[in-house]
Structures are given as structure tokens and as C-alpha cells.
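My questions are about this predicted structure, shown below with the sequence.
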Amino acid sequence: MGKAAAERRLDEAEAMALSRTIRISPQKLNLVAASIRGKNASDAVAELAFSRRRIAGDVKKVLEAAIANAENNHQLDVDRLFVKEAFVGKSFVMKRFKARARGRGARILKPFSNLTIVVREREDAE
């Protein structure tokens with residue numbers, strides 16, 4: 001019996017990779033994701049390799065996974081890939097307290113994020 005296969009959400013010339021619960025705020029992660037949107041996949045990997053941001057290594061790993069998915073699962077040409085979408089979502093937030101003066105407590109929020117990268121194969125016309 002079993003469940004029917006889900007219909008593919010992406011186009012035939014697209015591949016996706018996602019990472020859940022990355023330990024950084026979505027606002028900071030979106031700065032890095034915005035820097036690679038719309039770029040060729042090889043240019044985006046090179047930019048992330050030399051970025052000084054701490055989270056760039058994790059974003060690079062997800063981008064390389066999307067490229068590998070495109071090549072191995074969907075038989076797309078790696079040289080013609082570009083980053084179609086790179087979007088960030090909120091995950092959970094760990095809440096901590098730090099003792100402060102006069103018996104007070106200060107709340108510390110430790111946010112987590114989700115990252116999704118979609119790569120697409122360029123048409124020959126461009």
C-alpha cells in the first residue's frame with residue numbers, strides 16, 4: 001500500500017538543498033544569502049570561500065549540496081547552474097537568563113535559522 005509519491009515542487013531544471021537549525025539569527029544569515037542570489041554557482045562558491053563572515057562556510061556547504069543534487073539526482077550541467085533562490089527562515093529560539101544587579105535577570109535569546117538554496121540551469125539563450 002504505502003503513500004503516493006509527492007509531486008515535485010521544483011521545475012525540471014532546478015535542484016534544491018536546505019539546512020535546518022543553523023545557529024545564527026536569520027537577519028545575519030540573510031546578509032550572506034543575499035550576496036549570492038542570482039550569481040553563477042561557481043562565482044557564489046568562490047565568494048563564500050573568501051568571505052570573512054563566520055556563517056559563510058555553512059552557506060557554502062549547503063550551496064555545494066545543491067550543486068551536487070543537481071548533478072547527481074537531476075543530471076543538470078554544473079557549468080550552467082546559477083543560484084535562483086537563497087532564502088532564510090526562522091527556526092526556534094533558545095531562551096536563557098543572565099543574572100544582573102539587584103536580583104534582576106536579563107533575557108538572552110539564541111536564535112536558530114533555516115536556509116534553503118535553489119539552483120537552476122541557465123537556458124542557452126542567455
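Alright, I've got the coordinates.

As a quick check, tell me the outermost residue of this protein.
Residue farthest from the centre of the chain, counting by Cα atoms, centre = their mean, is Arg102 at 42.8 Å.

ok, now which ones touch that residue?
Neighbouring residues of Arg102 by Cβ atoms under 8 Å, 6 or more residues apart in numbering: there are none. The C-beta positions use only the backbone N, C-alpha and C, and glycine is treated the same way.

Return the per-residue confidence for it.
Predicted confidence (pLDDT) for Arg102: 96.

That one should be in a helix, yeah?
Yes: under DSSP: H, G, I helix; E, B strand; the rest coil, Arg102 falls within a helix.

What helix or strand is Asp58 located in?
helix 56-72 (DSSP states H and E).

neighbours around Glu85, how many?
15 (other Cβ atoms under 10 Å).

these two touch, right, it and Arg37?
Yes: counting by Cβ atoms under 8 Å, Glu85 touches Arg37, with 7.2 Å between them.

and the gap between Leu115 and Lys3?
27 Å (Cβ to Cβ, to the nearest Å).

Neighbour count for those two, which is higher?
Leu115 (27 against 5).

what pLDDT, on average, does the longest strand belonging to the chain get?
In the chain, ranked by residue count with DSSP state E as the criterion, the top strand is strand 81-99. Strand 81-99 carries an average pLDDT of 96.

Quick one: list the elements packing against that strand.
With contacts taken as 3 or more Cβ pairs under 8 Å, 6 or more residues apart in numbering; DSSP states H and E, strand 81-99 sits against strand 14-22, helix 26-36, helix 41-49, helix 56-72, strand 105-121.
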